[in-house]
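Asker: what follows is a predicted protein model with its sequence.
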Amino acid sequence: FYDVEREFLHSYINLLYNLEDKLNKFAGTIDVTKETFFTLLHKLAQSETVAFSGEPLSGLQVMGVLETRAVDFDNLIILSMNEGVFPAKPQTNTFIPMNLRHAFGMPTQEHRDAVFAYHFYRLISRAKNIIMIYDSRSDGMQSGEPSRYIKQLSYLYDFDIKYKTVQYDIGVEGSKPIEIEKDEQVMNKLNNCLSGIGKRNLSASVLKYYISCQLKFYYEFVEGLREEDEIEEGIDDKAFGTILHSAMEKIYENVKGRLVHPYDIEKVIKDKEYLRRIIESCFLQEMHINDISGYLHIVEEILITYIIDILKHDQQLGPFYYIDSEQKENVEYEVKPSSGKPFKVNIVAVYDRIDRMDNGTLRIVDYKTGKSTQNDKSSKLLVPEISAVFKPDSSCSDEAFQVMLYSLLYKETGVSPNLYFVRDFHTDPGLSTELKYSTNNEPIRNFDIYKEDFKEAFDQLLSDIFNPEKKFVQTDNEKNCKYCQFKEICKRG
């Protein structure tokens, strides 16, 4: 360490000791969390200053302006000779108006400027060599203007000032790629997802993490790192979606295992009080709220509108057989890798809705309250070639991947994967909800056609996850880092 760095460390250690002494005084009376401690430390560190100290006989002295009073130097290097820095910007930390300060002979900004000017001109009066350095860059609030004293010396006193522009390109070394080896500890955590060994389950969302960025999968799933839940006064997107799912489950609960006709749905649509009671029961069940008023009343009206839009869409489907809803299934999925022995993995699937159309088509439906388009404005219903689904730069949406995986895991064959983007039903109740193959724009009404290709690629994905020779690496597609909660750790995005 350099001497300056040692000063910083010494000051920081003293700061920690002082904070420890303060906290010990309140030990047992105040429970200081980890977050509170670091907040206090950050606030204290912001106000901490480190004084530069020098040896008078060592040659170079680092001093402030006021420290140079009555001291003469042969050679001077004055830094930060920018207007607003040398002299400093005016400060008006006073309750007394300037005209009163003038009238009663109190110090004003003009007085401060005069004192500063005196110190400057006295300092340079006996110097033989003077170097004044200022930053000529204009960026944001920084004007790049030289100090008034430089201009005064040049124009008022006719000094022959030599200007020299010095540039230095500072290249910041890019962050090194992060790789995590699958040592024994990591493999033990992963093996908790293997059937007969552990009780953890993989899920569609977790597997999509691995596809978009293996490192995100490691941080979030393997190590269990999470962002802290923030307490919100209203209702967040997750709670909104949960209440909608719960409400649709309750609405169709009475017709589970039966044929549903359009006139059955019409009765529900007309009975708004019935829908309101269901939503209120869902608020109570999911959020423990029994008094819906103010902002939550608006949310309730939006939910009723969404539910009616879904029911109107279902009405246009004609008679259909409603099988089940919110069915959670723990699947022991057998992986058959291209090389090596087969093994079984625990995967959890939650089917929002399973029904069968009048023509015999078996559907797996996933309700979505978000947008139906991706950032590039392409539809989330479009599915690329199966081989491209499992690539980090895949155009396949998370929603499409999820419902395709559910179609693979479901016990019956001939499944049609569907996504209900409920926002879009309001403008077009008859909107198609089937996934479409992007190469020919044909709807996927029988997933069996793509099942073998999907299973082969999916088995390879799981083989890579549980292969101890393959490290967890960062994605090369930095677009995936834009909204990632770990981008500060990775120095990406």
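Answerer: Here it is on my side, so go on.

Asker: C-alpha only now, for contacts and for neighbours.
Answerer: Fine.

Asker: from what I see, Val365 and Tyr420 are in contact.
Answerer: Yes: applying C-alpha atoms under 8 Å, one finds Val365 in contact with Tyr420, separated by 6.8 Å.

Asker: for the protein, just list every one of the strands.
Answerer: For the chain, the strands defined by DSSP state E occupy 75-78, 129-132, 179-180, 258-260, 320-335, 343-357, 362-368, 382-383, 415-421, 436-437, 442-443, 472-473.

Asker: show residues contacting the third one.
Answerer: Residues from elsewhere that reach strand 179-180 (C-alpha atoms under 8 Å, 6 or more residues apart in numbering): 215, 471-474.

Asker: now do the longest one
Answerer: Applying C-alpha under 8 Å, 6+ apart, the external contacts of strand 320-335 come out as 195, 201, 245, 249, 252, 255-261, 342-358, 409, 459, 462-463.

Asker: likewise for the first one?
Answerer: Residues external to strand 75-78 that are found in contact with it (C-alpha under 8 Å, 6+ apart): 124, 127-133.

Asker: do the same with the last one
Answerer: By C-alpha under 8 Å, 6+ apart, the residues outside strand 472-473 that reach it are 177-182, 213-215, 218.

Asker: show me which of those residues is closest to Glu35.
Answerer: Among these, Tyr218 lies closest to Glu35 (C-alpha to C-alpha), at 23.7 Å.

Asker: which non-adjacent residue is nearest that closest one?
Answerer: Phe472 (6.9 Å; C-alpha to C-alpha, 6 or more residues apart in numbering).

Asker: what pairs with the one you found across the strands?
Answerer: For Phe472, the beta-bridge partners are Ile180 (DSSP bridges).

Asker: how many other residues sit next to Lys151?
Answerer: 14 (other C-alpha atoms under 10 Å).

Asker: if you could redo that for Asp3, that was the one I meant.
Answerer: For Asp3, the neighbour count with other C-alpha under 10 Å is 9.

Asker: make residue 1 into 30 and carry on from there
Answerer: Done: numbering now begins at 30, and the last item shifts to Asp32.

Asker: distance check, it against Ala74.
Answerer: According to C-alpha to C-alpha, to the nearest Å, Asp32 and Ala74 sit 19 Å apart.

Asker: also Pro348?
Answerer: To Ala74, Pro348 is 68 Å away according to C-alpha to C-alpha.

Asker: Asp265 - how many residues pack around it?
Answerer: Quick note: Asp265 (other C-alpha under 10 Å) scores 10 neighbours.

Asker: thinking again about what came up before, could you dump the contacts of strand 104-107 to JSON lines with pLDDT, distance to Asn496 and neighbour count?
Answerer: Formatted as JSON lines, those follow (pLDDT from 0 to 100; distance: C-alpha to C-alpha, whole Å; neighbours: other C-alpha atoms under 10 Å):
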{"residue": "Ile153", "pLDDT": "91", "distance to Asn496": "71", "neighbour count": "17"}
{"residue": "Ala156", "pLDDT": "91", "distance to Asn496": "72", "neighbour count": "13"}
{"residue": "Lys157", "pLDDT": "91", "distance to Asn496": "72", "neighbour count": "10"}
{"residue": "Asn158", "pLDDT": "92", "distance to Asn496": "68", "neighbour count": "11"}
{"residue": "Ile159", "pLDDT": "92", "distance to Asn496": "67", "neighbour count": "14"}
{"residue": "Ile160", "pLDDT": "93", "distance to Asn496": "63", "neighbour count": "12"}
{"residue": "Met161", "pLDDT": "93", "distance to Asn496": "62", "neighbour count": "15"}
{"residue": "Ile162", "pLDDT": "93", "distance to Asn496": "58", "neighbour count": "18"}
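
Asker: specify which member of the residues you listed is nearest to Lys51.
Answerer: Checking these against Lys51 with C-alpha to C-alpha, the nearest one is Ile162 at 42.6 Å.

Asker: so that closest one sits against Ser109, correct?
Answerer: Yes: with contact defined as C-alpha under 8 Å, Ile162 reaches Ser109; the gap is 6.0 Å.

Asker: pairing-wise in the sheet, spell out the partners of Asp395.
Answerer: With DSSP bridges as the criterion, Asp395 is bridged to Leu448.

Asker: where are the low-confidence patches of the stretch 180-329 of the chain?
Answerer: The model of the stretch 180-329 of the chain has pLDDT under 70 over residues 199-203, 257-263.

Asker: now the stretch 30-179 of the chain, which segments are flagged as low pLDDT?
Answerer: In the stretch 30-179 of the chain (pLDDT under 70), the answer is 30, 81-88, 121, 169-171.

Asker: the helices in it, which residues?
Answerer: 32-54, 63-76, 127-132, 138-153, 177-180 (DSSP state H, counting those that start in this stretch).

Asker: tell me which of the ones you listed is the most buried.
Answerer: Among those, helix 177-180 has the highest mean neighbour count (mean count of other C-alpha atoms under 10 Å), at a mean of 16.

Asker: number of nearby residues for the closest residue to Met127 other than its chain neighbours?
Answerer: Spatial nearest neighbour of Met127, chain neighbours left out: Thr137 (7.1 Å); criterion: C-alpha to C-alpha, 6+ apart. By other C-alpha under 10 Å, the residues close to Thr137 number 16.

Asker: Thr137 against Pro126, yeah?
Answerer: No: under the criterion of C-alpha under 8 Å, Thr137 is not in contact with Pro126, lying 10.0 Å apart.
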